[in-house]
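Colleague: Could you look at this predicted model? Sequence included:
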Amino acid sequence: MAENKENLNENEVTTPEEVTENTTENTEQADALSSFLERETSDVMNKKDDKKPTKLSKTAKWFIIAAVAIVLITAIIVALVTIPATKTDKEFDPGTPVTLTVDENGEHQANVQLNSKGKLDNNSYGTLIEYTPSDIAKIEVENSSGTFTILAETPRTINEETGEEETDATIYTLVGFDDTALKTGGPDTIANDVSSLTFDSVADPVGDKASDFGFDNPRAKVKTTYNDDTTATIIVGDEAPSQAGTYVMFGDSEVVYVVANDAVDGLLFSVLDLITLEINTAASTTENAEFESLTLKGEAYGTTIELRPNDDKAIDTTYKMIAPKNMFISEIEAANITGAVRGLSGTEALCVNPSSSQLSQYGLSSPYAELSAVYPDTSVNLRVSKPQNDMVNIIADSNIIYSIEASRIPWIYTTLDKLTPDTVINPNFESLSSIEVTDSSGTYVFDITTKSESVDTTEGGQEEVSSTTARYNGKKLDSDNFYVFYQNICAMENAGKSNDSGSDTVALRIKLSYSTGRPTDTVTIYETGNTKYVAQLNGNIQSLVYKSYCTKFSQSVQDLIMGKTVGSF
């Protein structure tokens with residue numbers, strides 16, 4: 001700030017006496033010209049013949065008007081030229097004289113210059129310290145949140161072409177948190193505050209009223225060590241009224257300065273303000289994004305849920321459950337879980353290296369929900385408190401407690417019902433070897449053969465191409481029509497949970513056999529006397545299905561064997 005204020009050179013100032021002399025001289029010249037024009041005009045108007053005055057010609061009138069205009073314009077120009085240009089307050093204000101020194105201990109000191117009466121001749125701006133962040137070696141902070149130390153290292157290299165020294169970005173380390181990532185910009189804010197500090201005014205030039213400005217209990221005391229082995233101490237007091245700034249002391253002096261609020265805001269940071277909000281990192285590759293195992297437990301679930309990737313290629317689904325029961329799981333719910341495990345960021349860091357009492361305080365001694373997942377490149381462990389107003393506390397392997405919106409980790413809301421598949425079964429088309437359907441009209445068997453062969457590509461390579469043939473009673477069926485029929489099996493929608501096995505009356509039974517070695521899957525749908533029937537998969541209740549599905553599917557069987565177009569559900 002101080003470097004932007006220029007002292008006024010006395011030789012460049014036009015004094016009041018010079019202004020008067022210049023104005024008088026030019027005014028006299030203007031008066032002489034005006035007097036001459038007046039005499040000439042008077043002679044013309046006073047010429048008379050013997051009995052009546054001579055009438056002015058039009059030319060004489062225009063001459064007089066022009067002369068008057070010249071006089072006025074000349075006067076204006078003279079005034080503009082002789083009046084000195086107005087200078088800004090900034091150009092006139094040389095600032096408050098400050099003597100900057102380094103004492104025998106290497107500590108930077110600043111002393112304002114007082115007059116014989118012990119007063120400031122000019123209470124204005126000034127500079128207390130002037131370095132750059134790359135000049136810093138260490139920053140020791142003590143404030144209301146505690147104490148911490150930041151080490152700074154700026155890599156320096158010599159440009160081989162120019163021979164000049166070049167610097168890279170400064171690297172900051174929070175002592176005691178060497179393995180903890182720091183928030184981008186946090187340490188930089190502190191470094192900027194302590195590398196260069198200017199003041200706007202002096203609140204107390206002698207410091208006899210320091211207690212009035214908050215220095216009995218200062219908000220922060222910061223000692224900075226620079227690469228030249230000198231140090232500087234900044235003490236932060238209260239905020240000035242009406243947002244005028246913040247009171248500070250510098251070095252050993254008790255002079256109280258007023259600085260801009262944002263000039264020392266970083267000195268009030270806590271350790272938590274410096275720590276990254278990144279709870280864990282995202283997967284670097286697609287392969288690493290899929291877990292090998294995932295376990296959910298805690299009050300949120302009432303049991304332990306174990307999930308694995310689906311390794312059975314005969315069923316088109318991504319994940320399966322192996323505990324508390326075996327089943328393929330909903331693709332929608334699987335996405336809700338897998339998309340909220342890695343790459344998480346909190347809204348606020350709450351506690352670092354919490355004690356047992358602090359874990360209890362934040363609801364994490366007995367977590368509401370726990371997630372453990374193993375990935376090809378890492379393991380993830382997350383513990384979460386019970387949601388309150390869509391906020392939870394979460395702790396990961398970094399041992400930092402964060403707050404985060406509960407909606408950003410929807411796996412804490414998952415249930416066995418939500419994990420139930422969206423459809424009763426989803427067989428892979430190319431893995432099927434036969435489909436047997438039984439309804440009230442009879443039993444129908446469709447034999448399926450899929451062949452693969454390598455074909456040449458336009459790029460000169462080869463690719464595998466599959467072709468599927470379906471037959472009923474030895475008769476080949478239309479491939480497009482049969483594929484729609486297959487899709488209708490996959491469209492058997494989960495219509496809700498059922499604890500009732502239904503009646504003994506079978507409305508529809510579908511047996512699916514595979515060429516992959518997977519055992520036959522049997523879907524049996526039992527009537528219930530209402531619009532939703534009960535579907536069992538391999539003897540286990542799966543879900544409810546709509547009665548209308550059974551009716552439409554039976555019709556699609558008849559359309560298929562009759563060679564009619566099969567409607568899509």
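Modeller: Cool, the structure landed. Residues are numbered from 1 along each chain as shown.
Colleague: Convert stretch 251-262 to PDB, keeping the C-alpha atoms and dropping everything else.
Modeller: In PDB, the C-alpha atoms belonging to stretch 251-262 read as follows (Å, rounded to 0.1, in the frame of the first residue of the first chain):
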ATOM      1  CA  GLY A 251       7.400  -6.600  17.000                       C
ATOM      2  CA  ASP A 252       8.200  -5.400  20.500                       C
ATOM      3  CA  SER A 253       6.500  -2.000  20.100                       C
ATOM      4  CA  GLU A 254       3.200  -1.200  21.800                       C
ATOM      5  CA  VAL A 255       2.100   1.100  18.900                       C
ATOM      6  CA  VAL A 256      -1.400   0.100  17.800                       C
ATOM      7  CA  TYR A 257      -2.000   0.100  14.100                       C
ATOM      8  CA  VAL A 258      -5.200  -0.300  12.000                       C
ATOM      9  CA  VAL A 259      -5.000  -2.700   9.100                       C
ATOM     10  CA  ALA A 260      -7.500  -4.100   6.700                       C
ATOM     11  CA  ASN A 261      -9.500  -7.000   8.000                       C
ATOM     12  CA  ASP A 262      -8.400  -9.300   5.200                       C
END
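Colleague: what does that stretch contact?
Modeller: Residues outside stretch 251-262 that contact it (Cβ atoms under 8 Å, 6 or more residues apart in numbering): 103, 107-112, 126, 128, 197-210, 213, 215, 232-233, 237, 239-240, 243-250. For every residue, glycine as well, the C-beta is placed using N, CA and C.
Colleague: Now, the residues you listed that are in strands?
Modeller: Among those, the members found in strands (DSSP state E) are 108-112, 126, 128, 197-199, 201-204, 232-233, 237, 239, 246-250.
Colleague: if we can go back for a sec, of the contacts of stretch 251-262, grab the buried ones for ChimeraX.
Modeller: Those of the contacts of stretch 251-262 that count as buried under 16 or more other Cβ atoms under 10 Å are selected in ChimeraX with:
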select :108,109,110,111,112,126,128,197,198,199,200,201,202,203,204,205,206,210,213,215,232,233,237,239,240,245,246,247,248,249,250
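Colleague: Below-threshold pLDDT in this structure: ranges please.
Modeller: Counting by pLDDT under 70, the chain contains low-confidence ranges at 1-64, 66-68, 71, 74-91.
Colleague: Now with 50, please.
Modeller: 1-27, 29-30, 33, 36-37, 44-45, 47-53, 81, 85, 87 (pLDDT under 50).
Colleague: How is it divided into domains?
Modeller: The chain breaks down by automatic domain parsing into domains covering 10-88, 98-274, 287-419, 429-561.
Colleague: so which of those gets nearest residue 280?
Modeller: Closest approach to residue 280 among these is made by domain 287-419 (5.5 Å; Cβ to Cβ).
Colleague: for the closest one, the distance to its chain's centre please.
Modeller: Centroid separation for domain 287-419 versus its chain: 23 Å, with Cα atoms, centre = their mean, to the nearest Å.
Colleague: now do stretch 276-294
Modeller: With Cα atoms, centre = their mean, you get 19 Å for stretch 276-294.
Colleague: go on, stretch 214-224?
Modeller: Going by Cα atoms, centre = their mean, where stretch 214-224 is centred and where its chain is centred differ by 32 Å.
Colleague: Can you mark which positions in that stretch are buried?
Modeller: Neighbour-count burial for stretch 214-224 [16+ other Cβ under 10 Å]: 214-215, 218-224.
Colleague: cool, stretch 395-415 as well?
Modeller: 395-396, 398, 400-404, 406, 408-409, 411-412, 414.
Colleague: Go through these and name the one nearest residue 272.
Modeller: Nearest to residue 272 among those, with distances taken as Cβ to Cβ, is residue 400, at 8.6 Å.
Colleague: which one's the longest strand in the protein?
Modeller: strand 442-456.
Colleague: Please spell out which residues along that strand are buried.
Modeller: Quick answer for strand 442-456 (16+ other Cβ under 10 Å): 444, 446-448, 450.
Colleague: With stretch 334-345 instead?
Modeller: 334, 336-338, 340-342, 344.
Colleague: Please apply the same query to stretch 158-173.
Modeller: Buried, per 16+ other Cβ under 10 Å, within stretch 158-173: 170, 172.
Colleague: again, but for stretch 142-150
Modeller: For stretch 142-150, using 16+ other Cβ under 10 Å, the buried residues are 142-143, 148, 150.
Colleague: Adjacent strands (with direction) for the longest strand of the chain?
Modeller: In the sheet, strand 442-456 lines up against strand 432-439 (antiparallel), strand 462-472 (antiparallel) (DSSP bridges).
Colleague: tell me the most buried of the ones you listed?
Modeller: Greatest average neighbour count among the strands paired with strand 442-456 goes to strand 432-439 (a mean of 19), per mean count of other Cβ atoms under 10 Å.
Colleague: Just the residues contacting that strand, thanks.
Modeller: Applying Cβ under 8 Å, 6+ apart, the set of residues contacting strand 432-439 is 443-450, 486, 489, 506-515, 550, 553-554, 557.
Colleague: Mind jotting down where the helices sit in the chain?
Modeller: 16-46, 58-82, 89-92, 186-195, 271-274, 331-338, 356-361, 416-419, 479-490, 547-561 (DSSP state H).
Colleague: how about the nearest residue to residue 97, chain neighbours excluded?
Modeller: Of all residues not flanking residue 97 in the chain, residue 113 sits nearest, at 4.0 Å (Cβ to Cβ, 6 or more residues apart in numbering).
Colleague: ignore the last one, residue 133
Modeller: residue 191 is the one closest to residue 133 (Cβ to Cβ, 6+ apart), at 4.0 Å.
Colleague: got a list of what the one you found touches?
Modeller: Residue 191 makes contacts with 133, 136, 139, 150, 152, 170, 172, 266, as judged by Cβ under 8 Å, 6+ apart.
Colleague: Mind picking the two most distant members of those?
Modeller: 170 and 266 (14.2 Å).
Colleague: now the domains of the chain in JSON lines, with distance to residue 568?
Modeller: Shown next, in JSON lines, are the domains of the chain (distance: least, Cβ to Cβ, whole Å):
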{"stretch": "domain 10-88", "distance to residue 568": "79"}
{"stretch": "domain 98-274", "distance to residue 568": "52"}
{"stretch": "domain 287-419", "distance to residue 568": "17"}
{"stretch": "domain 429-561", "distance to residue 568": "5"}
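Colleague: So which of these is nearest residue 569?
Modeller: domain 429-561 (4.4 Å).
Colleague: what's the residue nearest to residue 376 when sequence neighbours are not counted in contact with, if anything?
Modeller: Nearest non-adjacent residue to residue 376, counting by Cβ to Cβ, 6+ apart: residue 288, 5.2 Å away. Going by Cβ under 8 Å, 6+ apart, residue 288 touches 375-378.
Colleague: Which of these sits closest to residue 183?
Modeller: For the contacts of residue 288, the nearest to residue 183 is residue 378 (21.9 Å; Cβ to Cβ).
Colleague: Now do the closest one against residue 285, distance only.
Modeller: 12 Å (Cβ to Cβ, to the nearest Å).
Colleague: Settle it for me: which of those two has more neighbours?
Modeller: Taking other Cβ atoms under 10 Å, residue 378 and residue 285 do not tie; residue 378 has more neighbours (14 against 8).
Colleague: distance of the more buried one from residue 292?
Modeller: 11 Å.
Colleague: Would you check how far apart residue 454 and residue 462 are?
Modeller: For residue 454, the distance to residue 462 - Cβ to Cβ - is 5 Å.
Colleague: Nothing else from me, thank you.
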